[in-house]
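> got a structure for you, letters missing:
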């Protein structure tokens, strides 16, 4: 893929053009079934409100509804794909599609979602111009729309050395790291590199490589839990935690 294409990943015109010419469903990185055990682990209640950022024309959300989830809100920067998905799933009240930029989700109230799922959207933003600034904007918005103790599930090709600092700078998270093999459906036989629901240690700089080896053929899944802000009370004219 040429550099000019990847730099356009943050631009609506790029995605409008792409979805106009590619109408078939496409899932970035992973489909829902291989990830379902992890989704069940961190989003255990089917009536929790879930936001999918950068949904595209993925079948992921539909698969979540088929699995029993009752409120899945999808946003995308492309009006073309949002209109197409609204029409496609007009008979599914559990699925909502809204044109919106993940860097500015002001239409959503603060603390209005139990979970946010991101499958490739942060990565796309990081390919574009002013990538660090735009990525931080998006992550701050994700933190804002999440309820306290809500989870941001980031599926990415970015190893901890490329993602942890960015995540920690943007919000007060408690972060767990999981991994899943790329093309897991094609590797049905043999031993998987690691149990999907078993988090990797993140306390040491080289711990991930020591467990997986160098350049593992995996997608990284960061599960970021929003830590509640410490409330201060005023007692006798003094602030106390």
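That came through fine. Only a predicted model underlies this, so the values are computations on that prediction, with no experimental measurement involved.

> show me what contacts residue 65?
Residues in contact with residue 65 (CB atoms under 8 Å, 6 or more residues apart in numbering) are 72, 92, 94, 95. Using the backbone N, CA and C atoms, a C-beta is placed for each residue, glycine as well.

> The third one and residue 22, how far apart?
Using CB to CB, to the nearest Å, one obtains 25 Å as the distance from residue 94 to residue 22.

> Next, format the contacts of residue 65 as JSON lines and append pLDDT, neighbour count and secondary structure.
Rendered in JSON lines, the data for the contacts of residue 65 read as follows (pLDDT from 0 to 100; neighbours: other CB atoms under 10 Å; DSSP: H, G, I helix; E, B strand; the rest coil):
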{"residue": "72", "pLDDT": "98", "neighbour count": "25", "secondary structure": "strand"}
{"residue": "92", "pLDDT": "96", "neighbour count": "15", "secondary structure": "coil"}
{"residue": "94", "pLDDT": "98", "neighbour count": "18", "secondary structure": "coil"}
{"residue": "95", "pLDDT": "98", "neighbour count": "22", "secondary structure": "strand"}
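
> Could you single out the nearest of these to residue 79?
Checking the contacts of residue 65 against residue 79 by CB to CB gives residue 95 as the nearest, at 17.2 Å.

> Find the helix or strand that the closest residue to residue 92 other than its chain neighbours is a member of.
Ranked by CB to CB, 6 or more residues apart in numbering and with sequence neighbours excluded, the top spatial neighbour of residue 92 is residue 65, at 6.2 Å. When secondary structure is defined using DSSP states H and E, the element that contains residue 65 is helix 60-66.
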